[in-house]
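Visitor: Fold the following for me, if possible:
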Amino acid sequence: MKTEILYEDADILVCFKPAGLAVQSGRVSQPDMVSELKNYLAGKREKEAAGRMQRTTAPVYLGVVHRLDQPVSGILVFAKNAKSAASLSAQASDHRMQKIYRAEVALPETGSEDNGIGLFLPAADGYVELEDTMEKGPDGTARIVPDGTKGAKRARLKYRVLERKQNRALLEIELLTGRYHQIRLQLSHAGLPILGDNRYGTPESRAFSDRCGVRGIRLQAVGLCFFHPATGKRVCYELDEKMEFI
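Guide: Numbers count the residues shown, from 1 in each chain. Now for the predicted structure:
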């Protein structure tokens with residue numbers, strides 16, 4: 001499955017990344033989103049240049065602003081020029097870029113302190129906030145570490161329950177910081193492992209995923225809001241078909 005372009009203008013590309021496709025790969029033989037989009041932009045430019053009977057040899061610009069893990073599908077924005085890349089990267093860095101996800105998770109077992117009923121005491125707006133200290137280990141796996149650990153960073157997200165069945169729930173998540181594997185690790189650490197997540201899931205959630213026939217991680221980036229780098233206007237994009245219960 002290839003990348004789908006949801007919106008395009010002179011400054012940005014908003015795209016849907018399918019599950020299994022890397023945003024950017026260091027291996028020439030492996031398909032990735034950046035290569036697909038650069039080929040698309042190059043072809044488009046060649047057609048426009050041919051229509052004007054001109055030639056162009058300048059390299060295609062495509063700025064990577066943020067990423068999704070390879071198994072995860074969803075919305076991403078790319079910059080088509082350096083000025084837009086600087087604006088969008090600054091918004092991602094200082095958390096003015098709003099990122100909304102959905103995840104299907106296994107609930108705590110019966111008899112646990114929360115028992116999955118309150119899903120860790122939501123606030124008045126229905127959201128639960130998680131805050132941890134994270135670091136990326138040498139094996140490429142993120143982990144929760146004690147506060148004050150050298151080189152570690154604070155990680156924050158909030159979630160609310162959209163739908164619930166006996167032993168699982170569909171969550172809407174707003175990412176408040178952008179750490180490596182953040183959602184996957186924080187939810188698992190909180191006792192809510194994402195179904196189909198072989199890296200951060202528990203033995204129980206992996207076994208349950210197998211019984212349900214889950215073949216990929218049940219996590220999707222469904223919404224993205226930011227300030228347009230050219231107009232300054234806040235724009236939002238959502239998937240028409242969002243992830244639902246399997």
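Visitor: Which strands or helices does the longest strand along the chain pack on?
Guide: In the chain, taking DSSP state E as the definition, the longest strand is strand 153-165. Applying 3 or more C-beta pairs under 8 Å, 6 or more residues apart in numbering; DSSP states H and E, we find strand 153-165 packed against strand 128-136, strand 168-175, helix 182-189. Just so you know, the C-beta spots here come from the backbone N, C-alpha and C atoms, and that holds for glycine as well.
Visitor: Can you add mean neighbour count and give those back as a markdown table?
Guide: Below are the helices and strands packed on strand 153-165 laid out as a markdown table (neighbours: other C-beta atoms under 10 Å):
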| stretch | mean neighbour count |
| --- | --- |
| strand 128-136 | 17 |
| strand 168-175 | 21 |
| helix 182-189 | 22 |
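Visitor: Could you dump the ones you listed into JSON lines and include mean pLDDT and distance to R234?
Guide: Compiled in JSON lines, the helices and strands packed on strand 153-165 are given as follows (pLDDT from 0 to 100; distance: least, C-beta to C-beta, whole Å):
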{"stretch": "strand 128-136", "mean pLDDT": "96", "distance to R234": "23"}
{"stretch": "strand 168-175", "mean pLDDT": "95", "distance to R234": "15"}
{"stretch": "helix 182-189", "mean pLDDT": "97", "distance to R234": "23"}
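Visitor: To V214, which of those lies closest?
Guide: strand 168-175 (10.4 Å; C-beta to C-beta).
Visitor: Just want the angle from that closest one to strand 128-136.
Guide: Here strand 168-175 points in a direction 70 degrees away from that of strand 128-136 (axes from the mean of the first three to the mean of the last three C-alpha atoms, to 10 degrees).
Visitor: Strand 168-175 pairs with which strands, and in what direction?
Guide: According to DSSP bridges, strand 168-175 forms sheet pairs with strand 98-106 (antiparallel), strand 153-165 (antiparallel).
Visitor: where does this protein have low pLDDT?
Guide: Low-confidence segments of the chain (pLDDT under 70): 1, 49-57, 110-124.
Visitor: where do the strands sit along the protein?
Guide: For the chain, applying DSSP E gives strands covering 4-8, 12-17, 63-64, 73-79, 98-106, 128-136, 142-144, 153-165, 168-175, 219-227, 234-238.
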